[in-house]
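> Give me the fold of what follows.
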Amino acid sequence: MIHPIPSGTRDVLPDELRELRVITDGIRAVFEAHDYGEVATPALEYEEVLTRGDQAAADPAYRLFDEHGNVLVLRSDMTIPIARVVATRYPTAPTPLRFYYLQHAYRAVRQHRGHPREILQAGIELVGAPGPAGTAEAVSVLCAALDAAGLRTYRVGLGDASLFPRALERAGVDESARPRILNELATRDLVGLERELGRVGSAELLELARTRGGVEVLDGVPEADTLRALYAGLSDDVKERVIFDLGLVRTLGYYTGAVFEVYDAAFGSPLGGGGRYDDLLGRFGRELPACGWALDVERVHAARLEEGA
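Predicted coordinates for the structure are as follows:
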């Protein structure tokens, strides 16, 4: 007799769970060593809280009603709940505030794509530390966590969520056309991006979107000033892990500055990512700069297994 479980979820059995525990214990030790404190928030949030943080986060995998008719959703990430925590539980606390978590998030999935609906995330939120120094700390802790997880061939792609919008402004692209262009960029549809840039007569920006490499790719790009400052604040061992990607943006709209993704040749999809979200805390009542990231622990585990194959 077969008893199914919801699509996008799975059972984790003892052998794998022991391996995952080794990874999470190593990551947790890195967080503690850098003075980050663990926080846990409810898996259920009021829908209006997620909507206040970012409209894209208001498309949850699960939505239900409580006994009073309020709409509840399963959280899709930890950044917005922690922003709520800072505003409500730390309204006057001195900054910076350093939090870490090992929690599940829940995402909507497309049928028959094999994407997970339930994701174990390990991540940090650094609140009250402006960039570039705060961003350099977040990237440095990210690399230390990946080292502790046992990965050897990973790279961190660095970009800036404000770089391409500023480049569009410099090129004189009409504001009405910019959302379509940025959507193609966010979905990594270079064919669509080329089409949209061609329509507004700025096809040369396609080369900017395709630019990846070492720190030298920042030369001659006026919008890359924050990335140059960030790179200067990294230690040599972290610099060796960095790849600049001038077309990198994140799908969530609350990112305002430097953004990053983690890649490993042993795994075909990003292992995690994050960035600066300097406007998000203000939506909950406390204006503070912030930066954070999250790793998909099961993807990290899969990459580690492939590296050792």
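> Which residue ranges of the stretch 151-300 of the chain form strands?
Assignment of strands within the stretch 151-300 of the chain using DSSP state E, counting those that start in this stretch yields the ranges 154-160, 212-213, 242-245, 258-264, 267-276, 290-296.
> Could I get the buried residue list for the fifth one?
So the one you mean is strand 267-276. Counting neighbours by 16 or more other C-beta atoms under 10 Å, one finds that the buried residues in strand 267-276 are Phe267, Leu271, Gly272, Gly273, Gly274, Gly275, Arg276. No exception for glycine: its C-beta is placed from N, CA and C like everyone else's.
> quick revisit: and of the strands of the stretch 151-300 of the chain, who's closest to Ala122?
Shortest separation from Ala122 across the strands of the stretch 151-300 of the chain is recorded for strand 290-296, at 5.0 Å, computed as C-beta to C-beta.
> Comparing the strands of the stretch 151-300 of the chain, which comes out most buried?
Among the strands of the stretch 151-300 of the chain, ranked by average contacts under mean count of other C-beta atoms under 10 Å, first place goes to strand 290-296 (a mean of 26).
> what does it rub up against?
Here strand 290-296 makes contact (C-beta atoms under 8 Å, 6 or more residues apart in numbering) with 27, 77-79, 82-83, 105, 119-129, 131, 134-135, 137-138, 142, 145-146, 149, 258, 260, 262, 271-278, 280-281.
> CA-only coordinates of it in PDB, if you can.
The C-alpha trace of strand 290-296 is given here as PDB (Å, rounded to 0.1, in the frame of the first residue of the first chain):
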ATOM      1  CA  ALA A 290      20.700  45.300   6.700                       C
ATOM      2  CA  CYS A 291      22.300  42.500   4.800                       C
ATOM      3  CA  GLY A 292      21.700  38.700   4.900                       C
ATOM      4  CA  TRP A 293      21.800  35.400   3.100                       C
ATOM      5  CA  ALA A 294      20.500  31.900   3.200                       C
ATOM      6  CA  LEU A 295      21.800  28.500   2.100                       C
ATOM      7  CA  ASP A 296      19.700  25.600   1.000                       C
END
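> Can you tell me the strand partners of it and which way each runs?
Sheet neighbours of strand 290-296, with direction, are listed as strand 118-127 (antiparallel), strand 267-276 (antiparallel) (DSSP bridges).
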